[in-house]
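Engineer: Give me the fold of what follows.
(2 chains)
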Amino acid sequence: MGRYVARRLLQMIPVFIGSTLLIFLLVNLTPGDPLLNLAGPRALDPNVRAQLTEQFHLDRNVFIQYLYFMKGVVTLDFGTTFSGRPVIDIMKAAFPITIRLAFLALAFEMLIGLPAGLIAGLRRGKLFDSTSLFASLIVIAIPVFVLGFVVQLFLAIKLGFGSPTVGVTTPWKDLVLPAVVLGSLSVAYILRLTRTSVAENARSDYVRTATAKGLGRGRVVTVHLLRNSLIPVVTFLGADLGALMGGAIVTEGIFNIKGVGGTLFLSITRGETATVVSIVTVLVLVFLIANLLVDLLYAVLDPRIRYA
Amino acid sequence: MPDRSAPSDSPDAPSNSQASQKSQTSETRSGQGVTTQQSGIRPTGDFATPILPAAAPARDIRDTSDAGDISGSTGKPRSLFTDALYDLRRKPLFIIPLAVILFLAIVAIFPSLFTSVDPRFCQLSDAAKGPIKGHIFGFDRQGCDTFSRTVHGTRASLEVGLLVTVGAVLLGAAVGALAGFYGGLVDSVLSRVTDVFFALPLLLGAIVFLSNFQKRTVFVVAFALIVLGWTQIARIMRGSVIGVKDADYVLAARALGAKDSRLLFRHVLPNAIAPVIVVATISLGIFIVAEATLSYLGIGLPPTTVSWGGDINNATAALRTTPRILLIPAGALSITVLSFILLGEAVREALDPRLR
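Structural biologist: Numbers count the residues shown, from 1 in each chain, chains lettered A, B, ... in the order given. This next block holds a predicted model:
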């Protein structure tokens, strides 16, 4: 177990370096002057320019800049934006909001997706199964920005169900509708994964054994069948967590949430290299660690899996 | 006789499928067969899936029609694809989406067959006006004809979707096939490269990439999505190739002295490509969504190109007063994506022998 974790952590290092370098190169793909518009229509004072160039190592090539950046990241110093605001402050403001939103979305996904998938899997070919499968395809086909506006228009504005935009203090109750929109795509995937997995395992030997031992149907289904069927679902959730954190750009925009997605999008369009790269670095870390936890969870869920 | 096992991405797949090949029973023929776990949307874990020490329940994957083929009564053996096509021809869930897609293709190629109104002829005096004769869906906020813009917007979406899918399949299949076929160091390196690209979310990476470009044509947007969107195909191709590369017919060909290139192109790829086709069909829909999302965010296709995403973005400001302007391109977009996803699902069911 310990050795397995150590090996996985070592394997993460090249992926982490590769992903962060990739985003660094993408941000700096075209040679432009990030200081060009810093002073608005006026030209930047030459002394200030020289100082900023020195501070951000703008006269060095991209790879050297990357090394300077990583040197900072290792010591948890994410640097400052071009206008001097520490990036860590920006992240401290944005991440708690997005974490709350992602938490609600995950809860919604599991509360709806898992039971529906379980029922559909147990009753394959029946009405509930085919209806929920088709409904899930429709949800997958509707882009999140369309769904967001439709929910905002019909649920929030016309029916007065929840708030159409999120207030400054981002109270939990305002985040419910955005979380439903954000999680809807994943609900469809979780439903389909659970259903497939349950249907496959329902005819396995261990379920038959459990039934033959005389266990009640509820116990067989929840403890034996569902638990072993969760592996693909958990795999999906691990990848989904990263997507929820960073992929909320659209949802946060529609509901006016000042989270990671919105901050990231603004920073990209304004060319704030340090903020973009720092946030993406954190997101990549979240993604990698979530995937490691998922792999460790496999052993908990399926007793046949052991890590040497 | 081609191996008909559905290539699985779990490492114990080869032994599993070979074991079940030996048994000639076919109790899963009834259509109640074991459903595949590889639903194409499983995003991670292919490189990290731990090996199940105990064998998974034996899956029977033989089709009863094989027996007839072996005995020679039907002449030429039917391939997996012929079988699939035979199945698909009678399925409404295949025919209907296919018809919709063909119709959309015609709309994309000849938009003027469906509307004679110029999508770029806009008069502010018409802004947000309701439907009148000759303009069945009314006008958008700039006073352009909504129906005409929706019809003309089809092309951009389908072009990007098709370009990205072709590019992602070529790149992803090449990387995945090489990694799976050669294994060892090649596999380790290519798999890590795939991991690197996989760790960046598609939309996020595409936004960053596209923010570098002032002139964003269809090709630039497609390129951005290819660069960040090929990883899933690569993972599936790799798993699929690993599943068939040790099959008896491949070993036999190798023993006869076939070169690697011949083994790969003649024996391994044709038997490993099925899951990729399924995922590619579904991905086409997903890539269309990605393009529309980028255009909606204002960082995809420029406003000069008529596109659904751009029009939806334009309509958001008038959502409360005239939701129709938003709902019409959004409906067209959703129907298009749904068609590709349904088509992919139907193809998956037909190509997966475990469902037979």
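
Engineer: only C-alpha atoms for contact and neighbour calcs from this point on.
Structural biologist: Will do.

Engineer: Got phi/psi on B:Gly134?
Structural biologist: Here is the backbone geometry of B:Gly134 (degrees, to the nearest 10): phi 90, psi -10.

Engineer: Can you give me the neighbour number for it?
Structural biologist: 12 (other CA atoms under 10 Å in any protein chain shown).

Engineer: any idea how far B:Leu162 is from B:Ser79?
Structural biologist: 27 Å (CA to CA, to the nearest Å).

Engineer: cool, and A:Val233?
Structural biologist: Taken as CA to CA, the span from A:Val233 to B:Ser79 is 33 Å.

Engineer: Which of those two has more residues huddled nearby?
Structural biologist: Neighbour tally, A:Val233 and B:Ser79, criterion other CA under 10 Å: the higher count belongs to A:Val233, 22 against 15.

Engineer: contacting residues for that one?
Structural biologist: By CA atoms under 8 Å, 6 or more residues apart in numbering or on different chains, the contact list for A:Val233 reads A:190, A:193-194.

Engineer: If you count contacts, what does the lengthiest helix in chain A end up packed against?
Structural biologist: Looking across chain A with DSSP state H, the single longest helix is helix A:87-122. Identification of packing neighbours for helix A:87-122 by 3 or more CA pairs under 8 Å, 6 or more residues apart in numbering or on different chains; DSSP states H and E yields helix A:127-141, helix A:176-201, helix A:227-246, helix A:260-270, helix A:273-301.

Engineer: how about low-confidence regions in chain B?
Structural biologist: Along chain B, the model assigns pLDDT under 70 to residues B:1-78, B:128, B:353-356.

Engineer: Excluding chain neighbours, what is closest to the residue nearest the centre of it?
Structural biologist: With distances taken as CA atoms, centre = their mean, chain B has B:Ala280 as the residue nearest its mean C-alpha position (2.3 Å). Sequence neighbours aside, B:Thr165 is the residue nearest to B:Ala280 in space, at 6.3 Å (criterion: CA to CA, 6 or more residues apart in numbering or on different chains).

Engineer: Equivalent analysis for B:Leu351, please.
Structural biologist: In this structure, B:Leu351 finds its nearest non-sequential neighbour in B:Ala84, 5.6 Å apart by CA to CA, 6+ apart.

Engineer: next one: phi and psi at B:Ile132?
Structural biologist: phi -130, psi 180.

Engineer: can you give me the strands for chain B?
Structural biologist: For chain B, strands defined by DSSP state E do not occur.

Engineer: Quick check: buried residues in the longest helix along it?
Structural biologist: As assigned by DSSP H, the longest helix anywhere in chain B is helix B:146-182. By neighbour count on 16 or more other CA atoms under 10 Å in any protein chain shown, the buried set for helix B:146-182 is B:146-181.

Engineer: Residue ranges in the stretch 151-300 of chain A under the pLDDT threshold?
Structural biologist: A:168, A:170, A:246-247.

Engineer: near chain B, which residues of it show up?
Structural biologist: Proximity of the stretch 151-300 of chain A to chain B (CA under 8 Å from any CA of the partner chain) is limited to residues A:153, A:189, A:193, A:196-197, A:199-200, A:204-205, A:232, A:235-236, A:239, A:243, A:246-247, A:250, A:268-269, A:284, A:287-288, A:291, A:295.

Engineer: and those residues, which are buried?
Structural biologist: When those are checked against 16+ other CA under 10 Å, the ones flagged as buried are A:153, A:189, A:193, A:196-197, A:199-200, A:232, A:235-236, A:239, A:243, A:246-247, A:250, A:268, A:284, A:287-288, A:291, A:295.

Engineer: Can you name the residues in contact with stretch B:125-138?
Structural biologist: The contact list for stretch B:125-138, computed with CA under 8 Å, 6+ apart, reads B:139-147, B:322, B:324-325.

Engineer: would you turn those into JSON lines with distance to chain A?
Structural biologist: JSON lines is the format used below for the contacts of stretch B:125-138 (distance: CA to the nearest CA, whole Å):
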{"residue": "B:Phe139", "distance to chain A": "19"}
{"residue": "B:Asp140", "distance to chain A": "17"}
{"residue": "B:Arg141", "distance to chain A": "17"}
{"residue": "B:Gln142", "distance to chain A": "20"}
{"residue": "B:Gly143", "distance to chain A": "22"}
{"residue": "B:Cys144", "distance to chain A": "21"}
{"residue": "B:Asp145", "distance to chain A": "20"}
{"residue": "B:Thr146", "distance to chain A": "17"}
{"residue": "B:Phe147", "distance to chain A": "18"}
{"residue": "B:Thr322", "distance to chain A": "11"}
{"residue": "B:Arg324", "distance to chain A": "11"}
{"residue": "B:Ile325", "distance to chain A": "12"}
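
Engineer: just curious, which of the residues you listed is nearest to B:Ala258?
Structural biologist: Using CA to CA, B:Phe147 comes nearest to B:Ala258 of the contacts of stretch B:125-138, at 57.6 Å.

Engineer: quick one: contacts for the closest one?
Structural biologist: B:115, B:135-138, B:328.

Engineer: Show the buried residues in those residues.
Structural biologist: Those of the contacts of B:Phe147 that meet the buried threshold are B:115, B:135, B:137-138, B:328, by 16+ other CA under 10 Å.

Engineer: Tell me which of these fall in helices.
Structural biologist: Short answer: the buried ones among the contacts of B:Phe147 in helices (DSSP H) are B:Ile328.

Engineer: which one of the buried ones among the contacts of B:Phe147 is nearest chain A?
Structural biologist: Closest to chain A out of those is B:Ile328 (10.7 Å), distances taken as CA to the nearest CA.

Engineer: What's the separation between the closest one and B:Thr146?
Structural biologist: 8 Å.

Engineer: winner for burial among the helices and strands packed on helix A:87-122?
Structural biologist: Highest mean neighbour count among those (mean count of other CA atoms under 10 Å in any protein chain shown): helix A:176-201, with a mean of 25.

Engineer: So which elements touch that one?
Structural biologist: helix A:87-122, helix A:127-141, helix A:144-150, helix A:227-246, helix A:249-254.

Engineer: any chance of these in TSV, with distance to B:Phe197 too?
Structural biologist: Converted to TSV, those look like this (distance: least, CA to CA, whole Å):
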stretch	distance to B:Phe197
helix A:87-122	23
helix A:127-141	23
helix A:144-150	23
helix A:227-246	14
helix A:249-254	19
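
Engineer: which one is B:Arg120 nearest to, not counting chain neighbours?
Structural biologist: Nearest non-adjacent residue to B:Arg120, counting by CA to CA, 6+ apart: B:Cys144, 6.6 Å away.

Engineer: tell me the contacts of the one you found?
Structural biologist: Taking CA under 8 Å, 6+ apart, one finds B:119-123, B:126-127 in contact with B:Cys144.

Engineer: 7 Å instead, please
Structural biologist: Contacts for B:Cys144 (CA atoms under 7 Å, 6 or more residues apart in numbering or on different chains) come out as B:119-123.

Engineer: ok, now A:Gly262?
Structural biologist: For A:Gly262, the contact set (CA under 7 Å, 6+ apart) comprises A:249, A:252-253.

Engineer: Next one: the closest residue to chain B within the stretch 151-300 of chain A relative to B:Glu345, how far apart?
Structural biologist: Closest to chain B within the stretch 151-300 of chain A is A:Glu200: 5.5 Å, counting by CA to the nearest CA. Distance, A:Glu200 to B:Glu345, by CA to CA: 18 Å.
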